[in-house]
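A.B. asks: Here's a sequence, model it:
(2 chains)
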Amino acid sequence: MEMLPILRTLRRNKLGAGLIAVQIAVTLAIISNCLSMIQQRMQWMDRPTGIDEANIFEMTNIWLSNPPDLKARIEADLAALRSIPGVVDVEATNSSPLTGIEWHWPLGKQSNHDEFIAWTAIYPLDEYGLTTYGLKLNVGRWFTGSEVGEIRSGEVKIPGSVVITQSVADGLFPAGGALGNTLYFQHGGSSRIVGIIRKMQRPGDVSGWGNPWREYSIFIPYQYLNSELMYVVRTKPGEQATVLHAAPAKLRELTHDRIIRDVQPFAQIRRQAERGNRTTTVILGTLAALLLIITAFGVIGLTMYWVGQRRRQIGMRRALGARRSDILRYFHIENLLIAGFGCVLGVALGLAGNTWIAAHLEIHRMGLAYACSGALIVLVLCQLAVLWPALRAASVPPAIATRGL
Amino acid sequence: MVGYYLELAVRSLRRNAMLTTLMVAAIGVGIGASMTMLTTLVVMSSNPIPDKSSQLFVPQIDVTGYGSEHHEIGALPWDLTYRDAIAFTKAQGGVRQTAMYPLTLNVQPAQGDPFQASGRATYGDFFAMFDVPFRSGATWGRKEDDTRANVVVLSTSLADRLFPRNDAVGRTVSLGMRDYRVIGVIRNWYLTPHFYDISSGTFGASEDFYMPFSIAVDRQLAANEYGCDITGIPTGWQDLLDSECPWIQYWLQMPRPEQVRSFRSFLDNYAAEQQRLGRFKWRPITALYDVAGWLEYLRVVPDEVRINTMVALGFLIVCLINAIGLMLAKFSSRALELSVRRALGASRSDLFLQCVSEAMLIGLMGGLLGLGLTAAGLAALRWLRGIPSPDSAYGHLLSLNVEMVLITFVVAALTTICCSLYPAFRASRVEPGWQLKAQ
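C.D. replies: Purely as a prediction, here's the structure:
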């Protein structure tokens, strides 16, 4: 076996081998953490909100004068929007998934309303809310026109009936039986659960600490009345672009006493909401890729140097009967030893570093799987990097052994 | 002598172009990546108003009771209630002070569609306290604050949008269906971080207009946000003013330590008195921060940026280890040349110096490459975040400045020299003529 001579050679080149091993260890520690963080963010980004994202667009409408006939004006707007061909349904509300601003009415216990049990966001929606957002009802029913009241910005009016998401139902009633049960709000008052929606993300930021509460949405049967509000428009497939252009003009036909802004398809809202996470993903991904390249450079450089240093020994081995593949194998095994040592060190360093950062900053704990898959990537890369210098070594002619003696 | 060494270095570097390129690339990429992230971190965590950092103070008082019950100073509301802000204003604890709040109003231009603009209701002291530069006109004084004058100060961008051809000062602008007289236009100005109120974004833009606090409250102009979640929602404007909702930012300028001390005791006495009067069931915690303390308290630098910087620094470390290894290889491969020089009479320190000057050359080239990569990296970050130009509040965080360029070069040169010390030392230990014998 060739192990012994390799080890002996490495002992003579402790410094170079040690440096490469440390470099590999630090590289691995960093890229495994990067991989873990990237994967986390990918998960945050790809999550569907539960609404019919492809066919929804939204716009913000602001009344200039504070109109006394707000309700009539909003109803006229909604009717005008519904009359545009291609529109499925329209809703006037305060916020939507991924828009960031939300009302939260935290839930309390039956025995003690003040005792916090869930961080819930509320959506004031009327009887058209279900079809406008394209939500899926798991059990129960949606609101009927007769139970829909009115609510103004900042008002707290606990309604008689609410619809909740499956997520809230599972969280509050793990044994089941949420439908028909009661919710208690910290503001005081309680509501009966009349329906359960499969999925609807809350409007606020759901990455990081908000993640466990991401679908804690509660729907309350109200028409939202405010001088600034958001119109959510769902169109038939393929008709979004035409309706999106027609809608602001249609509203201005009614009155010019308004500002219409942020007319944008939901896809665009999603892109904006994901911008921060995407930036981080790109930064970490680029750094990790560059780091791997640099480390590969280091391996190539140092091995080239060793090859140059050992030309005569290689020539001698060749003269004594070693085949080219033996020389090739020698350098690959040598590299495997160094990189393997570096990887063991790197896995430990990566996990320790992750623990340390997690204690200070908001990042998720990295699983051993990430460290190991990172190690595999690094090992393969090092083997590839060593190939070129090793080939050069293998091409050293046996005759070199006889020179200079 | 150094000139001769540099000449030798150039020759040696050209002889082994492959290894040289690897070294310069490794150092350049390392410097580029770490300086890109470091620039963001340094600008984000820098003090936006260094001259006045220890003069400007923000008081806190626990009106929600949460922080006082849990002995958690981090849980205190950032803003004051209206009644506390007015009580503090009456006390006149600093040489200047201002209560203020952010608001959004509809602007009706003479021609064209109306649009929204974000502004701030504040006292006239604001401009002097935060060193706001004026392009034309001036601020209002205490008289206008007291008489609720119909005046407004505009930002450059809003002034130019409304009055593209003339100076805006002296003209009338319609905000929220009411007319205000423009008395000043400020120059392009932003504080990063936007420390006096981070509710509209820590690194966000400055306001488009400023109007007297007294008239804004008088006309019941709604603030962008009220912290009423915990304290219960008020039903009308007067109810809001009397409520425990924290929504007013309050800053004081106190240049002298005795003013700070006396305001601190005023604050404590005030809190105790309010408890005695039955307003609070708890003994409210109070706090007073200067700008540096406030920035630390708010933790303005996002964790993302800290993590990215850490990764980038780790990256630099890897690049440097890499550089040491490559230099070791490079210098050792020149053992023959060096031993000849030794045999011809060069001392060890001569060889050492020769190796270090070669390393310095590599460092400088790496630094140059790194600088280019830093500029490219920052441009890429701006593009990723959708910021069109570096001359905006956020773009300013992601652009190179002179200090960072200098720092980049110093870092590049120093680190390469440090990395070269040991390899150069080893190389200079070569036995004179020993290598000659072997050949």
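
A.B. asks: Okay, strands next: where are they in the stretch 201-350 of chain A?
C.D. replies: Along the stretch 201-350 of chain A, the stretches classed as strands by DSSP state E, counting those that start in this stretch are A:217-225, A:228-235, A:258-265.

A.B. asks: Export those strands as a markdown table, with columns for mean neighbour count and distance to residue A:42.
C.D. replies: Heads up, the C-betas are built off the backbone N, CA and C, glycines and all. Shown next, in a markdown table, are the strands of the stretch 201-350 of chain A (neighbours: other C-beta atoms under 10 Å in any protein chain shown; distance: least, C-beta to C-beta, whole Å):
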| stretch | mean neighbour count | distance to residue A:42 |
| --- | --- | --- |
| strand A:217-225 | 23 | 23 |
| strand A:228-235 | 22 | 27 |
| strand A:258-265 | 17 | 23 |
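
A.B. asks: Turn those into a markdown table, columns for mean pLDDT.
C.D. replies: Shown next, in a markdown table, are the strands of the stretch 201-350 of chain A (pLDDT from 0 to 100):
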| stretch | mean pLDDT |
| --- | --- |
| strand A:217-225 | 93 |
| strand A:228-235 | 94 |
| strand A:258-265 | 92 |
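
A.B. asks: which one of the ones you listed lies closest to chain B?
C.D. replies: strand A:258-265 (5.5 Å; C-beta to the nearest C-beta).

A.B. asks: that older thread, export the strands of the stretch 201-350 of chain A as TSV, with columns for distance to chain B.
C.D. replies: Formatted as TSV, those follow (distance: least, C-beta to the nearest C-beta, whole Å):
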stretch	distance to chain B
strand A:217-225	15
strand A:228-235	9
strand A:258-265	5
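
A.B. asks: angle of the strand ranked longest in chain B against strand A:228-235?
C.D. replies: Longest strand in chain B, counting residues (DSSP state E): strand B:96-108. Between the axes of strand B:96-108 and strand A:228-235, defined by axes from the mean of the first three to the mean of the last three C-alpha atoms, to 10 degrees, the angle is 40 degrees.

A.B. asks: what about residue 59, which SS state?
C.D. replies: Because you didn't say which chain, this covers chain A. Classification of residue A:59 by DSSP: H, G, I helix; E, B strand; the rest coil places it in strand.

A.B. asks: Correction: the question concerned chain B.
C.D. replies: Taking three-state DSSP, the label given to residue B:59 is strand.

A.B. asks: ok, it to residue B:260 distance?
C.D. replies: Distance of residue B:59 to residue B:260, given as C-beta to C-beta, to the nearest Å: 11 Å.

A.B. asks: what does the stretch 51-200 of chain A have sitting close to chain B?
C.D. replies: A:62, A:64-65, A:104, A:154-156, A:187 (C-beta under 8 Å from any C-beta of the partner chain).

A.B. asks: at 10 Å instead, please
C.D. replies: A:60, A:62-66, A:101, A:103-106, A:153-156, A:186-188 (C-beta under 10 Å from any C-beta of the partner chain).

A.B. asks: Quick check: residue B:33 vs residue A:287, distance?
C.D. replies: In terms of C-beta to C-beta, residue B:33 sits 6 Å off from residue A:287.

A.B. asks: Who has more neighbours out of the two?
C.D. replies: For residue B:33 versus residue A:287, the count of surrounding residues by other C-beta atoms under 10 Å in any protein chain shown is larger for residue B:33: 28 against 23.

A.B. asks: if I pick that one, what's in contact with it?
C.D. replies: A:283, A:286-287, A:290-291, A:294, B:308, B:311-316, B:319, B:370, B:373-374, B:377 (C-beta atoms under 10 Å, 6 or more residues apart in numbering or on different chains).

A.B. asks: sorry, back to before: okay, and the common contacts of residue B:33 and residue A:287?
C.D. replies: B:308, B:311-312, B:314-315.

A.B. asks: In helices, which of the contacts of residue B:33 appear?
C.D. replies: Using DSSP state H, the subset of the contacts of residue B:33 located in helices is A:283, A:286-287, A:290-291, A:294, B:308, B:311-316, B:319, B:370, B:373-374, B:377.

A.B. asks: What subset of those residues is buried?
C.D. replies: A:283, A:287, A:290-291, A:294, B:308, B:311-316, B:319, B:370, B:373-374, B:377 (16 or more other C-beta atoms under 10 Å in any protein chain shown).

A.B. asks: sorry, back to before: starting from the helix or strand just after the longest strand of chain B, tell me which strands it pairs with and how they run.
C.D. replies: Once strand B:96-108 ends, the next helix or strand along the chain (criterion: DSSP states H and E) is strand B:115-122. In the sheet, strand B:115-122 lines up against strand B:96-108 (antiparallel), strand B:209-212 (parallel) (DSSP bridges).

A.B. asks: in the helix or strand following strand B:115-122, what counts as buried?
C.D. replies: Following strand B:115-122 in sequence order, the next helix or strand is helix B:125-129 (DSSP H and E). Using 16+ other C-beta under 10 Å as the test for burial, helix B:125-129 gives B:125-127, B:129.

A.B. asks: possible to save those residues as TSV with distance to chain A and pLDDT?
C.D. replies: Output for the buried residues of helix B:125-129, formatted as TSV (distance: C-beta to the nearest C-beta, whole Å; pLDDT from 0 to 100):
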residue	distance to chain A	pLDDT
B:125	30	93
B:126	26	94
B:127	29	94
B:129	30	93
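
A.B. asks: Endpoints of stretch A:5-18, how far apart?
C.D. replies: One end of stretch A:5-18 sits 17 Å from the other (C-alpha to C-alpha, to the nearest Å).

A.B. asks: I'd like the mean pLDDT over it, please.
C.D. replies: Stretch A:5-18 comes out with an average pLDDT of 81.

A.B. asks: Tell me which residues are up against that stretch.
C.D. replies: Residues contacting stretch A:5-18 (C-beta under 10 Å, 6+ apart): A:19-21, A:301-303, A:305-306, A:309-310, A:313, A:317, A:330-331, A:333-338, A:341-342, B:321, B:324-326, B:328-329, B:332, B:422-423, B:426.
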